[in-house]
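1. the sequence and its predicted three-dimensional model are supplied below.
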Amino acid sequence: TSDPLFNGWQGFDDVYRLIPTSTPALSFLALINIPTVVILLNVLRQLVLPRNPSLPPEVFHWIPFVGSAVGYGTDPINFLTTCQKKHGNVFTFVLLGRKMTVALSSKGNNFIFGGKVANLSAEDAYTHMSTPIFGKDVVFDCPNEKLMEQKRFIKVGLSTENFRAYVGMVEDEVLDYMNRDPKFLSYQAKDAASWGQFDPVTVLAEMTILTATRTLQGNEVRSGMDKTFAALFADLDGGLTPLNFMFANLPLESYRKRDRAQKKLSDFYVNIIKARRSGQTNNDETDMIAALMTQSYRSGTVVPDHEIAHIMIALLMAGQHTSSTTGSWAMLHLAANPDVADTVYQEQIAKFSNPDGSLRSPTYDELRNLPVLDSVIRETLRLHPPIHNIMRKVRADLVVPPSLASPSKDGYYIVPKGYFVLASPVVSQVDPDLWYNASKWEPSRWNDSEGQAQKAFRQYTDENGEKFDYGFGAVGKGTESPYQPFGAGRHRCIGEQFAYLQLGTLVVTMVRSLEMEIASGVPKPSFHTLIPTPKQPRMISYHRRQLDKA
Ligand code: HEM
């Protein structure tokens with residue numbers, strides 16, 4: 001108050017002098033500590049102060065800043081459905097200082113996935129976490145139009161021609177893994193009476209990265225997997241946690257390891273590209289690097305090497321946990337439902353039996369026509385979509401359509417600029433009003449062509465509807481479907497077909513080789529990782545199915 005720079009503050013001296021210093025009220029306040037006062041004021045603000053009627057209802061919370069972090073972090077799906085019962089499909093909760101407005105139901109999904117870039121930004125919501133992992137100038141470290149062009153380049157690599165080459169590679173990797181990994185000693189023993197156990201989370205993570213590097217990532221990366229690449233990947237992966245989502249940078253070893261690994265991996269890919277460009281190594285490959293090296297932006301600029309490197313890292317990370325946890329859940333459900341595993345196996349026998357009774361490998365085109373296998377993957381993604389909550393940051397005040405939620409007959413809600421919006425397709429994917437036995441894993445629901453599941457799927461693929469081109473080829477919008485495991489709209493996943501190929505080949509190869517059981521049943525998900533993983537206990541017991549044919 002004595003510094004002339006703070007003249008304005010000196011006026012408060014007079015105010016302070018008016019405050020009595022020894023009233024009973026103040027003595028009482030002295031007894032309680034500052035955190036209690038802060039909590040009290042926060043509660044009073046929510047319960048007593050009048051609210052702006054155009055703001056969506058706010059979820060009650062005790063501690064300011066922290067908000068509903070504990071409830072949401074422990075079980076987001078339960079948290080959202082409980083709030084939905086109380087507040088309806090649109091409400092706001094506080095998550096570590098951020099205001100998150102949730103929009104649920106098919107209309108809520110459409111509100112967020114169908115939003116305009118001018119209003120809703122994925123890069124503003126994610127770049128603090130994704131850029132240190134992927135690297136500069138790609139995905140969320142560039143304007144949205146550039147990402148749309150990058151998605152167009154990636155689609156060139158995800159061609160049917162490449163996919164035809166991949167099925168055999170994935171099968172090879174899975175069989176090779178089971179033939180040499182110590183977790184499959186009982187399989188290697190070639191004795192059907194020999195039972196072993198494996199942890200699906202570990203096995204599927206290893207199989208997923210081996211198969212992704214063998215196919216999309218290319219020979220050099222696959223060879224690196226046996227050397228330094230795996231360790232760098234692990235360090236980079238350590239940067240993809242809920243902590244990283246909340247805090248972009250902290251002085252912690254995991255953050256330093258992330259940054260070192262990003263730099264080394266980026267250099268590793270750039271060296272591969274340079275060697276291919278100079279003709280030192282072969283670029284006549286079916287992998288993504290080869291495809292990206294042929295692409296240019298609409299401006300005519302060839303995709304620079306560092307961007308190719310960073311897109312490759314982004315694809316590795318985007319496909320790893322999503323596919324590997326989906327695979328783990330699929331194996332757990334198959335182990336808990338041997339009758340379903342048997343129908344998957346019978347489908348293989350019906351389609352791929354050789355005259356001598358052995359099974360031949362499926363081609364890519366055949367793999368796409370296996371309804372039982374398809375239903376297992378679709379149903380697993382319905383109950384366990386790996387990306388269960390999707391966020392955007394609000395760039396300009398956003399009107400909530402009254403058909404989704406409104407404060408009164410004639411009013412409407414506004415989500416202010418600076419808030420985040422959150423879509424959670426899993427809530428509509430397990431909505432008991434839409435799906436019979438909604439929480440049960442029942443692949444057979446996908447067999448009924450007129451049933452709810454197929455109806456939702458047709459809506460998702462927008463088979464007969466209008467196609468939309470966001471810059472990476474025409475796609476069905478699918479924004480209003482209650483089934484959206486791969487998102488919808490401009491940010492929709494482009495790895496879907498690859499994921500089906502990889503997961504499908506993995507599942508059939510394992511089902512052909514093993515019979516599985518799980519005594520402890522299918523575990524509940526743990527939400528302590530960004531992508532929910534099955535809790536312990538989760539060991540699957542297995543024995544070798546075909547002694548001489550697998
Ligand atoms: C986007 C799910 C596998 C690459 C997305 C989104 C979802 C998703 C929900 C939308 C995110 C958003 O709107 O913010 C899945 C699931 C997978 C899977 C469930 C496997 C089961 C893959 C694979 C790749 C991949 C294997 C790469 C080969 C991408 C890319 C985007 C994306 C490039 C676009 C990001 C954007 O436009 O913002 N994925 N994904 N995904 N995914 Fe996947």
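-> Structure received. Numbering: from 1, shown residues only.
2. mind telling me which residue of the stretch 251-400 of the chain is nearest the ligand?
-> Residue nearest to the ligand within the stretch 251-400 of the chain (Cβ to the nearest ligand atom): Gly319, separated by 2.8 Å. Heads up, the C-betas are built off the backbone N, CA and C, glycines and all.
3. element containing that residue, please.
-> Using DSSP states H and E, Gly319 maps to helix 305-336.
4. list the buried residues of that helix.
-> 305-336 (16 or more other Cβ atoms under 10 Å).
5. the helix or strand just after that helix relative to helix 305-336, how many degrees between them?
-> Reading on from helix 305-336 to the C-terminus, the next helix or strand found by DSSP H and E is helix 338-352. Relative orientation of helix 338-352 versus helix 305-336 (axes from the mean of the first three to the mean of the last three Cα atoms, to 10 degrees): 120 degrees.
6. distance between helix 338-352 and the chain's centre?
-> Distance of helix 338-352 from the chain centroid (Cα atoms, centre = their mean, to the nearest Å) equals 29 Å.
7. any idea how far the ligand is from Tyr460?
-> Relative to the ligand, Tyr460 is positioned 12 Å away (Cβ to the nearest ligand atom, to the nearest Å).
8. right, and that residue touches Glu480 too?
-> No. Using Cβ atoms under 8 Å as the test, Tyr460 is too far from Glu480 to be in contact (9.2 Å).
9. shared neighbours of those two, anything?
-> With contacts taken as Cβ atoms under 8 Å, 6 or more residues apart in numbering, not a single residue reaches both Tyr460 and Glu480.
10. what residues are up against Ala488?
-> With contact set as Cβ under 8 Å, 6+ apart, Ala488 has these partners: 109, 113-114, 460, 477-479, 481.
11. ignore the last one, Ile387
-> Ile387 neighbours (Cβ under 8 Å, 6+ apart): 322, 485, 487, 531.
12. so it, which of the three states?
-> Following DSSP: H, G, I helix; E, B strand; the rest coil, Ile387 is assigned to coil.
13. now do the phi/psi pair for Ala423.
-> Ala423 has phi and psi values of phi -100, psi 140 when expressed as degrees, to the nearest 10.
14. re the thing from before, narrow the contacts of Ile387 to those in strands?
-> Assignment to strands by DSSP state E places none of the contacts of Ile387 there.
15. please produce a markdown table containing the residues you listed, extended by pLDDT.
-> Output for the contacts of Ile387, formatted as a markdown table (pLDDT from 0 to 100):
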| residue | pLDDT |
| --- | --- |
| Thr322 | 97 |
| Pro485 | 97 |
| Gly487 | 96 |
| Ile531 | 94 |
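16. give me the subset of those touching the ligand.
-> When contact is defined as Cβ under 6 Å from any ligand atom, the contacts of Ile387 meet the ligand at 322, 485, 487.
17. wait, the first one sits on Gln502?
-> No. With the criterion set as Cβ under 8 Å, Thr322 and Gln502 do not qualify as a contacting pair; they are 10.4 Å apart.
18. tell me which residue lies nearest the centroid of the chain.
-> Ile387 (2.8 Å; Cα atoms, centre = their mean).
19. what mean pLDDT does stretch 227-240 get?
-> In this model, stretch 227-240 has an average pLDDT of 90.
20. does that stretch come close to the ligand?
-> No. Between stretch 227-240 and the ligand, judged by Cβ under 6 Å from any ligand atom, nothing touches; the nearest distance is 13.9 Å.
21. quick one on the thing from earlier: quick check: the two most widely separated of the contacts of Ile387?
-> Pairwise distances across those (Cβ to Cβ) peak at 13.9 Å, for the pair Gly487 and Ile531.
22. can you list the residues of the stretch 251-400 of the chain near the ligand?
-> So the stretch 251-400 of the chain meets the ligand at 315, 318-319, 322-323, 326, 385-387, 390 (Cβ under 6 Å from any ligand atom).
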